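Visitor: Can you look at this prediction? I've put the sequence above it.
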Amino acid sequence: MKLERAEKQLFNQYEELLIKFDKTSEENRYLKYEFKLLKKQMLTLQKKENTLEEEIKQAKAENNNLQKEVNRLTALLNNDGTNSGIPTSMTPLSKNKVIPNSRVKTDKKIGGQPGHKKHKLDKFTEEEVTEILTHALDTCPNCNEAELIKTSSIYKDELDYKVVVDKIRHEFEVYECQSCGKGTHYKIPKNLKMENQYGPSVQALSLTLMNQGNVAINKVRKIISGFTNGEINLSEGYIAKLQNRAAKNLETFNEELRLEMIKQKVVHWDDTVIMINKKQSCLRYYGNEILALYKAHLKKDKEGRDKDNILKLLPSDATVVHDHLKENYNAEYSYQNSECNAHLLRDLQKVSDNMSHSWSEELRKLLNETNAYRKELINDDKESFSEEEVKDFFDKFDKIMIKSFKENEADNHKYYSSKEKSLITRILDYKNEYLGWVLNFELPFTNNLSERSLRGVKSKMKISGQFQNEKSAGYYASIKSYIETCYRNGINEYNALLHLCLEQPLKLEEVIKKES
């Protein structure tokens with residue numbers, strides 16, 4: 001009995017264990033299923049998290065690109081003559097003109113500084129006085145009585161001018177020769193071939209207004225008529241013919257000027273757009289501190305430059321200064337090239353504005369400071385930097401250019417990095433041309449002389465609009481060459497034109513006063 005009872009207990013325990021096992025197995029299956037669900041949910045959440053992270057990353061990248069685009073557009077809006085080649089004439093009406101100025105701003109007040117000598121007119125000497133106007137009193141302004149006794153005088157001088165119209169008649173007496181019986185008289189000069197004509201002073205004034213003042217023909221007529229109280233009324237046709245005649249009388253001078261130009265060691269050149277008969281054309285300048293030669297062409301091409309017959313004749317020891325004009329690097333030309341650093345400084349400023357990289361600002365600083373020091377040495381009659389100073393400059397330059405590559409590669413700007421890289425490559429490719437002034441003090445830092453020389457014609461375009469044809473543009477270029485060369489050698493433009501109108505134009509050797 002005890003055995004049966006024990007077996008029965010064991011059997012019951014076995015059945016209970018089976019039931020528990022079944023329950024455990026079912027719970028285990030449920031837990032496995034729940035685990036799979038949780039694992040699936042976790043994977044879904046991880047996927048969503050990864051997707052969200054990717055979306056956040058893309059959003060940040062897009063936001064960064066948008067910010068760069070905003071900076072780029074802002075930089076475009078801020079482009080002016082200080083950080084690009086945009087001329088001030090292209091400044092929109094809604095913006096203030098910014099004129100490039102390399103001078104450093106100081107805390108000094110505008111105007112004359114303490115200790116600066118005041119410039120004023122000196123009192124006339126007794127011999128200089130041409131007229132005395134006496135200002136006298138009849139009555140005392142204090143008591144209105146008439147008993148005044150002169151005790152002394154106060155003198156105030158005034159420098160003024162008067163326009164006096166001269167109506168000159170030239171008499172050429174006619175004779176009869178007692179020997180041959182023929183009639184004769186003093187040879188009448190070319191400028192008096194008509195019964196009545198305008199004199200050289202009127203002609204010189206007209207040419208001065210046209211070519212130095214860039215005044216339009218119709219306004220030249222009005223101005224001269226106003227000066228003379230309506231006594232001299234030039235026709236616009238006469239002024240145009242006067243321009244033509246003056247240019248033709250300068251053909252010899254300008255050919256002498258061209259021949260002198262190809263003897264120069266340093267020649268600046270540049271060209272600018274002018275309008276001829278409603279078409280974009282070209283006015284070209286060649287020159288230096290003492291010479292100025294202008295040429296007008298319908299097109300801005302190599303054919304026109306070769307027709308000028310200057311660049312292709314310059315020897316190998318001459319240097320041409322220009323604004324990175326690639327056409328100058330031509331196998332047909334023998335001369336050396338020198339690049340304008342003013343344009344380079346503007347390009348570097350543009351990099352700073354668009355990329356905020358430090359290399360461009362460091363290079364700007366190095367160039368400006370070195371050039372300023374060079375000016376001090378030149379003023380002290382020094383002819384070059386020391387070897388140590390040259391080495392130090394180029395060491396700094398090389399370090400900056402290495403840094404430029406690193407900064408460009410680290411910031412792959414969607415819009416401007418390629419332009420920055422092009423600038424870096426250009427600086428290195430044309431290193432000798434950009435930095436020749438460091439080794440040779442005879443070479444200029446910039447080509448600003450060319451820009452200043454062409455500035456007048458831009459004013460003429462604003463005032464007069466255009467030239468009627470290529471010939472009229474050529475007349476302007478010819479006369480401009482004459483008066484500008486005279487001015488650079490201390491000769492007043494009006495006096496130079498007066499010689500021209502007297503059929504006695506100055507010769508180039510008289511103008512530049514060569515030393516024998």
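Guide: Cool, got the structure.
Visitor: contacts and neighbour counts: CA atoms only from here.
Guide: Fine.
Visitor: Rounded mean pLDDT for stretch 442-460, please.
Guide: If you average the pLDDT over stretch 442-460, you get 91.
Visitor: buried stuff in that stretch?
Guide: 443-451, 453-454, 457-458, 460 (16 or more other CA atoms under 10 Å).
Visitor: What of stretch 504-516?
Guide: Neighbour-count burial for stretch 504-516, counted by 16+ other CA under 10 Å, picks out 505-508, 511-512.
Visitor: Which of those fall within strands?
Guide: Using DSSP state E, no member of the buried residues of stretch 504-516 sits in strands.
Visitor: Export these to JSON lines and append columns for distance to residue 255 and pLDDT.
Guide: JSON lines is the format used below for the buried residues of stretch 504-516 (distance: CA to CA, whole Å; pLDDT from 0 to 100):
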{"residue": "505", "distance to residue 255": "13", "pLDDT": "94"}
{"residue": "506", "distance to residue 255": "13", "pLDDT": "95"}
{"residue": "507", "distance to residue 255": "11", "pLDDT": "95"}
{"residue": "508", "distance to residue 255": "10", "pLDDT": "95"}
{"residue": "511", "distance to residue 255": "14", "pLDDT": "95"}
{"residue": "512", "distance to residue 255": "15", "pLDDT": "92"}
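Visitor: can I get the residues you listed in TSV with distance to residue 398?
Guide: As requested, the buried residues of stretch 504-516 are exported to TSV (distance: CA to CA, whole Å):
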residue	distance to residue 398
505	53
506	51
507	49
508	46
511	45
512	42
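Visitor: Just the closest of these to residue 241, please.
Guide: Of all those, residue 505 has the smallest distance to residue 241: 17.6 Å, by CA to CA.
Visitor: Find the nearest non-adjacent residue to that closest one, please.
Guide: Sequence neighbours aside, residue 499 is the residue nearest to residue 505 in space, at 5.1 Å (criterion: CA to CA, 6 or more residues apart in numbering).
Visitor: so what pLDDT did that neighbour get?
Guide: Residue 499 is given a pLDDT of 95.
Visitor: Tell me if I am right that it is in a helix.
Guide: Yes: counting by DSSP: H, G, I helix; E, B strand; the rest coil, residue 499 falls inside a helix.
Visitor: Quick check, residue 217 in contact with residue 239.
Guide: Yes: at 6.9 Å, residue 217 counts as touching residue 239 under the criterion of CA atoms under 8 Å.
Visitor: Could you list every helix and strand in contact with the lengthiest strand in the chain?
Guide: Counting residues, the longest strand found in the chain (DSSP E) is strand 266-276. Taking 3 or more CA pairs under 8 Å, 6 or more residues apart in numbering; DSSP states H and E as contact, the helices and strands that strand 266-276 lies on are strand 279-287, strand 319-322, helix 448-464.
Visitor: Centre of the chain to the longest one, how far?
Guide: Spelled out, that is helix 448-464. Taking CA atoms, centre = their mean, to the nearest Å, one finds helix 448-464 lying 10 Å from the centre of the chain it belongs to.
Visitor: who touches it?
Guide: Residues outside helix 448-464 that contact it (CA atoms under 8 Å, 6 or more residues apart in numbering): 214-216, 268-272, 274-275, 285-289, 292, 340, 342.
Visitor: Let me know the angle separating it from strand 266-276.
Guide: Angle of helix 448-464 versus strand 266-276, following axes from the mean of the first three to the mean of the last three CA atoms, to 10 degrees, is 20 degrees.
Visitor: Scan this structure for its longest helix.
Guide: helix 2-77 (DSSP state H).
Visitor: after that one comes which helix or strand?
Guide: Per DSSP states H and E, the first helix or strand lying C-terminal to helix 2-77 is strand 174-176.
Visitor: Can you name the element that comes right after that following strand?
Guide: Following strand 174-176 toward the C-terminus (DSSP H and E): strand 183-185.
Visitor: Also compute the angle for the next helix or strand after that next one relative to helix 448-464, please.
Guide: Next helix or strand after strand 183-185 toward the C-terminus (DSSP H and E): helix 200-211. Angle, helix 200-211 to helix 448-464, by the same axes, to 10 degrees: 100 degrees.
Visitor: what's near enough to touch residue 370?
Guide: residue 393.
Visitor: Three-state assignment for it, please.
Guide: Going by three-state DSSP: residue 370 is helix.
Visitor: In the stretch 101-250 of the chain, where is pLDDT below threshold?
Guide: The model of the stretch 101-250 of the chain has pLDDT under 70 over residues 101-105.
Visitor: Apply 50 and report the result again.
Guide: Across the stretch 101-250 of the chain, nothing is flagged by pLDDT under 50.
Visitor: Please parse this structure into its domains.
Guide: 243-339+448-512, 341-439 (automatic domain parsing).
Visitor: Any figure for the gap between residue 241 and residue 310?
Guide: According to CA to CA, to the nearest Å, residue 241 stands 29 Å off from residue 310.
Visitor: what's around residue 416, how many residues?
Guide: 17 (other CA atoms under 10 Å).
Visitor: Next: the one 5 residues further on.
Guide: Residue neighbour count, defined by other CA under 10 Å, stands at 15 for residue 421.
Visitor: ok, the residue nearest to residue 505 to residue 431 distance?
Guide: From residue 499 to residue 431 the distance is 47 Å (CA to CA).
Visitor: ok and the longest strand of the chain relative to strand 279-287, angle-wise?
Guide: 160 degrees.
Visitor: got the CA coordinates for strand 266-276 in PDB?
Guide: The C-alpha coordinates for strand 266-276 follow below in PDB (Å, rounded to 0.1, in the frame of the first residue of the first chain):
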ATOM      1  CA  VAL A 266      59.100 100.700 -68.800                       C
ATOM      2  CA  VAL A 267      55.800 101.200 -70.700                       C
ATOM      3  CA  HIS A 268      52.400 101.100 -69.100                       C
ATOM      4  CA  TRP A 269      49.400 100.200 -71.300                       C
ATOM      5  CA  ASP A 270      45.700  99.600 -71.000                       C
ATOM      6  CA  ASP A 271      42.600 100.100 -73.100                       C
ATOM      7  CA  THR A 272      39.000 101.100 -72.300                       C
ATOM      8  CA  VAL A 273      35.700 100.900 -74.000                       C
ATOM      9  CA  ILE A 274      34.400 103.900 -75.900                       C
ATOM     10  CA  MET A 275      31.400 104.300 -78.100                       C
ATOM     11  CA  ILE A 276      31.800 105.000 -81.800                       C
END
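Visitor: Show me what it is in contact with.
Guide: 261, 280-288, 298, 300, 318-323, 443, 447, 449-451, 454, 457-458, 461, 465-470, 473.
Visitor: can you pull the contacts of residue 29?
Guide: Counting by CA under 8 Å, 6+ apart, residue 29 has no contacts.
Visitor: Just the buried residues from the contacts of strand 266-276, in ChimeraX please.
Guide: In ChimeraX, a selection of the buried entries from these looks like this (16+ other CA under 10 Å):
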select :261,281,282,283,284,285,286,287,288,298,300,318,319,320,321,322,323,443,447,449,450,451,454,457,458,461,465,466,467,470,473
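Visitor: Spatially nearest residue to residue 468 (excluding sequence neighbours)?
Guide: Using CA to CA, 6+ apart, the nearest residue to residue 468 is residue 277, at 5.2 Å.
Visitor: residues contacting that neighbour?
Guide: When contacts are counted by CA under 8 Å, 6+ apart, residue 277 is found next to 466-469.
Visitor: Next, give me the two most distant ones among the buried residues of stretch 442-460.
Guide: Maximum pairwise distance among the buried residues of stretch 442-460 (CA to CA): 30.6 Å, between 443 and 460.
Visitor: Could I get the domains of the chain in a markdown table, plus columns for distance to residue 187?
Guide: Formatted as a markdown table, the domains of the chain follow (distance: least, CA to CA, whole Å):
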| stretch | distance to residue 187 |
| --- | --- |
| domain 243-339+448-512 | 15 |
| domain 341-439 | 55 |
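Visitor: Could you say which of those domains is packed most deeply?
Guide: Neighbour counts (mean count of other CA atoms under 10 Å) averaged over each of the domains of the chain peak at domain 243-339+448-512, with a mean of 18.
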